[in-house]
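>>> Provide a 3D model corresponding to the input given below.
(chains A and B)
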Amino acid sequence: MASGVREITYTEALNEALREEMRRDDSVIVFGEDVGVYGGVYKVTKGLLEEFGPERVLDTPISEAAIAGAAIGAALMGLRPVAEIMYVDFLTISMDMLITHAAKLRFMSGGQVKLPLVIRSQYSLGRAHGSQHSQFLAACFLQSPGIKVVLPGTPKDAKGLLKSAIRDDDPVLFIESGVLYRVKGPVPEEEYLTPIGKCDVKREGNDVTIVAVSRTVIEALKAAEELAEHGINAEVIDLMTIQPLDYDTIIKSVMKTNRLVIADDSVKTCGISSEVSAYVSEFAFDYLDAPIIRVNAPPLPVPFSPELERQYMVSADKIVNAVMRLLK
Amino acid sequence: MTVEVIKEVPVEKYRDLGLGDDLLKRMLRKMLEIRRFEEMIERLFLVEGKLLGPAHLYLGEEAVAVGVIEALRSDDVVVSTYRGHGHAIARGVSMEALMAELFGKITGTCKGLGGSMHAAISVKHNIPVATAIVGSGIPIACGVGLALKYRKENRIAAVFFGDGATNTGAFHEGVNLASVWKLPILFICENNFYALSVPHRKSFAGESIAARGASYGLKSYLVENGNDVMAVYIAASKAAEYVRSGNGPAFIECRTYRKKGHGVYDTAWYRPKEEVEFWIKNDPIDMFFEKLKRLGIISEGEFRSWDKEIASALEKAVKEAEQAPVMPFDEMWNYLYVSEGARYGEWR
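Next up is the predicted model:
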């Protein structure tokens, strides 16, 4: 391993990002349910209360609308709040604040205000949490321009993207993947930022482009390894930010590989992959040698039964099958 | 916490309050400006057909905005609503910019991107938000208060909302959070007794709106006649001082009435005639003018000359708004994000 890089978990990487940003800028404050004394239900905010004190790390009542609203108001006054909504499923309770206020206040005020806020949340698909604690829902926000939506798939990106999100002058919805919290990966010792609004080519290849995001990035990389054994060289693109979406990187890749598979945890109807697919069909149809394939969850609520959930989810096998179909 | 009732202030008591004539005259003048502005808007919609979309007029409620805002400092932060023209004028936002906003022109407060329901947004007047979703300003005000408290600023947040808002989840979440965190926020309910057509008595459980504030531990006031600008001013001054001294949030319910409907097209046919007549007789401007006249602070002639000044200013505002340009379409992308590069379909 290169010097200055160590293996840490996705959770630890997020915790480091928060600590570093809170140390460098006293306008960064953290609040949400159980983020203080308890350190966050998934330990992302562990130790922050001890280091930064109760004025900067605040436990809230179970009031998702008030949490998101307070983030908006604090950001309007120049703070950089990082508010936690424990599960993506609970974002729906704060949807008015996120979609109708955070995403629109700058626009509808004619640029008078800016909202440098971060809403952190996580989806627990893959952890047997049942229908009401596993929803992904990220694609919903594509109907709401004005709020950036960031989804890290590795510990390194989790840290670099969260630091960028905190420094960003626009509202950022930062969606973590619950199954990734304990996953370890290489993270540089020295400070770095990962840009928001840019895709990352995680693996280069010439035969097919696999676009993935968050948890499915890991699956796509596994699929690419398996495909390599069959002599198929896949390029894997991690979207990282789905709004605004970096279409350029995807189009450039499709111009090279002429084949596209998109894998994400949305249910198939109007998911993230639907938008990527539609965009490429509309603007780069001439470069495609085969139909685009979307690999998604079926339009069903997430089942509890761990075995059914496994079958429900996007996996490396499903991605491999899709690529094989394309290249047949 | 109990509710402190603030009664109408009889004219005999005015001199005991020790308020300067300038302040009293300014309050009357602002109320008149709001009244004439809103009457002009109504005309532009219903008679001249020059304006489109919703507009929620402040006609009849002028004493609340003016009484509260005069009790605040100019660096206090106001969170307004879709019925916000009155708050803006009371804060000194120019009628020209408000008018241009209603016409959707680039010279408007929000460059024409907001419209009537957000026209009150004017950061330089410390009104960073005016929301069109009932109750939603309350959680946002919590964040404003949190920032002011964290920065140890001696400023407070003041959030306006209607009686309808007190039945939303946002109200209960926000007022509770403000109290738990002891935030420097003044909550002002403009109780006009109707949530669009549904009367307060049919939609509200419990003793009173002010009592709801008190039940969350807020210092709470009930202004029985919210059309008496002096009663509103006294309640708001007491409440603002309480909040500014670091005691946590305070709450004021001001009972008032819309002269007209919920929106400009609503005739308010659902309200009993006797009720409407009672409140029309209790007009905030007529009442205050009579009192100031009795005290010799203003004459009939001066009041009429104000009216003329305001009328010609409004005429000019309308003419300028009509002539002003609309924002070029592509300029809208500049207001989506602070950062650049979010235009759709630009890759080629």
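>>> how many neighbours does residue B:25 have?
Residue B:25 sits with 16 neighbouring residues when counted by other C-beta atoms under 10 Å in any protein chain shown. All C-beta spots, glycine's among them, are computed from the backbone N, C-alpha and C.
>>> residues contacting it?
Contact analysis of residue B:25 by C-beta atoms under 8 Å, 6 or more residues apart in numbering or on different chains lists B:292, B:297, B:298.
>>> check residue A:274 too.
Residue A:274 makes contacts with A:139, A:266, A:268, A:294, as judged by C-beta under 8 Å, 6+ apart.
>>> kindly report the same for residue A:45.
Counting by C-beta under 8 Å, 6+ apart, residue A:45 has contacts A:15, A:18, A:30, A:32, A:35, A:36, A:39, A:57, A:84.
>>> so how far is chain B from the last one?
When distances are taken as C-beta to the nearest C-beta, to the nearest Å, residue A:84 and chain B turn out to be 15 Å apart.
>>> got phi/psi on residue B:154?
The phi and psi torsions at residue B:154 (degrees, to the nearest 10) take the values phi -90, psi 30.
>>> how many neighbours does it have?
Here the number of neighbours of residue B:154 (other C-beta under 10 Å) works out to 12.
>>> I'd say it and residue B:243 touch.
No. Using C-beta atoms under 8 Å, residue B:154 makes no contact with residue B:243, being 10.6 Å away.
>>> and the nearest residue to residue A:236 once chain neighbours are set aside, how far from chain B?
In space, and not counting its chain neighbours, residue A:236 is closest to residue A:203: 4.1 Å by C-beta to C-beta, 6 or more residues apart in numbering or on different chains. Residue A:203 sits at a distance of 22 Å from chain B (criterion: C-beta to the nearest C-beta).
>>> what about residue A:203, neighbour count?
Using other C-beta under 10 Å, residue A:203 has 17 neighbouring residues.
>>> residue of the stretch 151-300 of chain B closest to chain A, please.
Using C-beta to the nearest C-beta, the closest approach of the stretch 151-300 of chain B to chain A is made by residue B:173 at 3.8 Å.
>>> check which helix or strand covers the residue nearest to residue A:179 when sequence neighbours are not counted.
Nearest residue to residue A:179 in three dimensions, chain neighbours excluded: residue A:126, at 4.0 Å (C-beta to C-beta, 6+ apart). Of the helices and strands defined by DSSP states H and E, none includes residue A:126.
>>> so residue A:126 touches residue A:309, yeah?
Yes. Using C-beta under 8 Å, residue A:126 is in contact with residue A:309, at 6.9 Å.
>>> now do the shared contacts for the two.
Jointly contacting residue A:126 and residue A:309 under the rule C-beta under 8 Å, 6+ apart are residue A:134.
>>> pop out the phi and psi values for the nearest residue to residue A:31 once chain neighbours are set aside.
In space, residue A:31 comes closest to residue A:58 once its chain neighbours are excluded; the distance is 4.0 Å by C-beta to C-beta, 6+ apart. Here is the backbone geometry of residue A:58 (degrees, to the nearest 10): phi -120, psi 130.
>>> need the pLDDT of residue A:58.
Here the pLDDT value assigned to residue A:58 is 98.
>>> same thing with the one 4 residues further on?
At residue A:62, the pLDDT value in this model is 98.
>>> appreciated, that's everything.
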